[in-house]
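Undergrad: Below are the sequence and a predicted model for it; my questions follow.
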Amino acid sequence: MSERTTANGQHAADEHDEQGSGQSGDLGDIRFDRHFRTPSSEGYYIIRNGERSAALDLHFTATTVHATLVLEHELERTLLARLIEQIDEDLVLSADTPRDDFVVNVYQGQEIGFYSDTFRADEEGVVLDGEGDDEDDFDGIIEE
């Protein structure tokens, strides 16, 4: 197994089992795209073979790392166990946070929408503090 980190801080790993790449039991190309980070948690999208296949939230406590893994597609139990091992090796152990246990809750489902305060305000026609007709006056806008 080889691991790489891309230019924007994404973690990536290529996993190949004893049978070789592309055969049954192979996770294929796995990449962890971080979409948020706080002092005690991180959130990732898991990209498998170029397609988003799961969402992962990690929460670090003093002694335990808690994970919520939401699979977007069915995954065989053996592959799920390998994916959890990959998460542990690439994301949890590399965080340099001491832990006694790694607890993972796994769900299967799909994203049905994305909601935020800004989205709700736009839908309801509400003006949030600091917003107005002139976006240049709002310091919170980040231009990409």
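TA: That came through, no problem.
Undergrad: where does this structure dip in pLDDT?
TA: 1-25, 120-144 (pLDDT under 70).
Undergrad: Can you show me the strands along it?
TA: 2-5, 11-15, 28-38, 41-48, 51-60, 64-71, 101-108 (DSSP state E).
Undergrad: helices or strands next to the longest helix anywhere in the chain in the packing?
TA: Longest among the helix segments of the chain by residue count, using DSSP state H, is helix 77-87. Applying 3 or more Cβ pairs under 8 Å, 6 or more residues apart in numbering; DSSP states H and E, one finds that helix 77-87 contacts strand 11-15, strand 28-38, strand 64-71, strand 101-108. For the C-beta atoms, the positions are set from N, CA and C on the backbone; glycine is no exception.
Undergrad: Kindly state which of the strands of the chain is positioned closest to residue 80.
TA: Taking Cβ to Cβ, strand 101-108 is the member of the strands of the chain nearest to residue 80, at 6.7 Å.
Undergrad: Identify the bridge partners of residue 57.
TA: residue 43, residue 68 (DSSP bridges).
Undergrad: Against residue 43, how distant is it?
TA: Going from residue 57 to residue 43 by Cβ to Cβ, to the nearest Å gives 5 Å.
Undergrad: now residue 27
TA: 20 Å.
Undergrad: So between those two, which is more surrounded?
TA: More crowded of residue 27 and residue 43, by other Cβ atoms under 10 Å: residue 27, with 22 against 16.
Undergrad: Is the more buried one in contact with residue 48, as I believe?
TA: Yes. The pair residue 27 and residue 48 passes the contact test of Cβ atoms under 8 Å, sitting 6.8 Å apart.
Undergrad: quick one on the thing from earlier: how about the helices and strands packed on helix 77-87 in a markdown table, adding distance to residue 119 and mean neighbour count?
TA: Formatted as a markdown table, the helices and strands packed on helix 77-87 follow (distance: least, Cβ to Cβ, whole Å; neighbours: other Cβ atoms under 10 Å):
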| stretch | distance to residue 119 | mean neighbour count |
| --- | --- | --- |
| strand 11-15 | 29 | 18 |
| strand 28-38 | 16 | 15 |
| strand 64-71 | 20 | 18 |
| strand 101-108 | 23 | 13 |
